[in-house]
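# Quick one: sequence plus predicted model below, questions after.
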Amino acid sequence: MSTALALQAELPGFDPLAALGLIRAEADWIGLRYSQETSHRRTARNGRSEQNSVSIERGAMVEALVDGQIAYAGTSDLSATGIVRAARRAAALARASARHKLFGYSEAQRPPAQGRYHSPRRIDLAAADLAEFTARLIEATRRLQVSDRIVTATAEANLVETELRYVSSNGSDISQSFLMAGQNFVAIAQDGGATQQRSLNGPTARCWQAGAEAYDWDRLYDECERVGREALALLDAQDCPNETLDLILAPDQMLLQIHESVGHPLELDRILGDERNYAGWSFVKPEDFGQLRYGSALMNIVFDPGLAGQFAAYAYDDGGAPARREYLIQDGLLLRGLGGLESQARSGLPGVANFRSASWNRAPIDRMANINLEPGASSLEAMIASVERGIYMEANRSWSIDDYRNKFQFGCEYARLIEDGRLAQVVKNPNYRGISVPFWRSLTAVGNPEEFRAYGTPYCGKGEPNQIIRVGHASPPCLFANVEVFGGDA
């Protein structure tokens, strides 16, 4: 029996429906969300195992509706006494807050729903040979070290299993089970005082809903050797020029571009001002929906929680709303925001089922999930051939964006100049800057379905207290015209 399974076997059982029966009368409406998460993290560095850890956390969040106000109380004490105490605290907080409420909520923001979701997987944690992961990761670090100038080679694998159960006094009963895999492979090259980093698909970018079968080790070993060679090439490269150039972004950098300049600005709670004092507001105004030309006619952004295997796929959000694919931006026109039923009621704007919580001890808020740029008709080869002078960039290295999610500058790990329709020399320390709407209006070509790639990150932060949540982004490569690029540290 694995360590994780042994720990799980020691945990007493918990019946959310039985717990709901104990607290049903404590509020006008009451809900309970139970979460249990098992996380394996295994890392190797420079040919040696560095970390083998497993953790399990579980608890319940009780939410109570009293006099039109919703409040929450979380507990890791899953005894009858602990659940009742949490319910009474949530009800008391709701009752006290109701005297000062800004908006009156009802059960319409917590519709009854019943359903199940089970993320795709072929090899569950119970069947995975986790010891083999360590040996595989050690070998990956050896493959990264293609030269003595690779001073640090790191390989990391994460497997996370999450079980959620949501029940409510008006009849909701939702079970969702997720098995998620992530990886990170990094080579750091050094020559004298100069260092360069190259990572496989960008830091934390390659994440899926899948089991242990997600790791194709033979392919990963080949990719690690490529990453090591590219790190060496960056050491010997010239700095990125300071020019206005046509810019092609690879899908692993489009992840960051979509995330920061589309996803965060469209969060309805941010537009309403809820994040203003912590992570900033948004340049998007309520009246922009249905009116603002956010990008060129090639820009089609969807909220797609149903893309199988993508990192933030799910069937219901944490308020019980069924999750459906929706256009946020279609043919460049802004149509819909990223806001759950509460924000939709407050703002009067259309939203999506993205009311999400990072853990049992966090109340749900509006969060990104799978936010994807739909494919176009171009190939990467054709995009490169169309550029007289430009630059191609991969893998995010740094990011900076203002409090309105408007002006930005992003740095990448790896770039190649484009000259007369061909990829030319490698350049190091590539960066670009822009303003969200003008930048997206400069979108002149979008890659075809064969070049559409899905990525994700487990580290999107938002909210007070802070919540770190998993999001997914998918895109083909994209060409933007006349972008300001520059070298050095962003």
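Cool, got the structure.
# Start and end of stretch 200-212, how far apart?
18 Å (CA to CA, to the nearest Å).
# What average pLDDT does it get?
In this model, stretch 200-212 carries a mean pLDDT of 77.
# from now on call the first residue 5
Okay, using 5 as the starting number, the last item reads as stretch 204-216.
# Assumed residue 257 was part of a helix.
Yes. Checked against DSSP: H, G, I helix; E, B strand; the rest coil, residue 257 lies within a helix.
# ok, now how distant is it from residue 404?
The gap separating residue 257 from residue 404 is 15 Å, by CB to CB, to the nearest Å. Using the backbone N, CA and C atoms, a C-beta is placed for each residue, glycine as well.
# Equivalent analysis for residue 184, please.
Distance from residue 184 to residue 404, by CB to CB: 28 Å.
# In terms of neighbours, single out the busier of those two.
Neighbours per residue, other CB atoms under 10 Å: of residue 184 and residue 404, the larger number sits with residue 184, 24 against 13.
# Might one say that that one is in contact with residue 129?
No. Assessed by CB atoms under 8 Å, residue 184 is found out of contact with residue 129, at 10.5 Å.
# Identify the contacts common to those two.
Common contacts of residue 184 and residue 129 (CB atoms under 8 Å, 6 or more residues apart in numbering): 163, 165.
# Which strand residues bridge residue 376?
Here residue 376 sits in beta bridges with residue 306, going by DSSP bridges.
# Can you give the domain ranges for the protein?
7-239, 242-490 (automatic domain parsing).
# In contact with residue 109, which residues are there?
Neighbours of residue 109 in contact, by CB under 8 Å, 6+ apart: 69, 72, 73, 74, 346, 349.
# hmm, which of those are the buried ones?
Buried members of the contacts of residue 109, counted by 16 or more other CB atoms under 10 Å: 69, 73, 74, 346, 349.
# which one is the last one nearest to, not counting chain neighbours?
If you skip the residues right next to it in sequence, residue 349 has residue 113 as its closest partner in space, 5.9 Å away by CB to CB, 6 or more residues apart in numbering.
# now swap in residue 73 and tell me
Leaving out its chain neighbours, the residue that sits closest to residue 73 by CB to CB, 6+ apart is residue 102, at 3.9 Å.
# Report the contact partners of that neighbour.
70, 71, 72, 73.
# Distance of the third one relative to residue 104?
Taking CB to CB as the measure, residue 72 and residue 104 are separated by 11 Å.
# one step back: determine the number of other residues adjacent to the residue nearest to residue 349.
21.
# Tell me who's in contact with it.
Per CB under 8 Å, 6+ apart, neighbours of residue 113: 74, 323, 345, 346, 349.
# Next one, pLDDT for the closest residue to the first one other than its chain neighbours please.
Here the nearest residue to residue 74 in space, its sequence neighbours aside, is residue 109; by CB to CB, 6+ apart that works out to 5.4 Å. pLDDT, residue 109: 97.
# ok, now how distant is residue 109 from residue 415?
Remark: distance between residue 109 and residue 415 (CB to CB) = 43 Å.
# same question, residue 354
From residue 354 to residue 415 the distance is 35 Å (CB to CB).
# Need the phi and psi values for the residue nearest the centre of the chain.
Centroid check for the chain by CA atoms, centre = their mean gives residue 475 as the closest residue, at 1.9 Å. Backbone torsions for residue 475, taken as degrees, to the nearest 10, come to phi -130, psi 160.
# ok, what's across the strand from it?
Where residue 475 sits in a bridge, its partners, by DSSP bridges, are residue 461.
# Please list all residues in contact with it.
263, 267, 315, 316, 371, 372, 373, 374, 375, 460, 461, 464.
# and which of those is nearest residue 408?
residue 267 (14.3 Å; CB to CB).
# So which residues of the stretch 205-354 of the chain form helices?
Secondary structure of the stretch 205-354 of the chain by DSSP state H, counting those that start in this stretch: the helices cover 221-239, 255-262, 272-275, 345-351.
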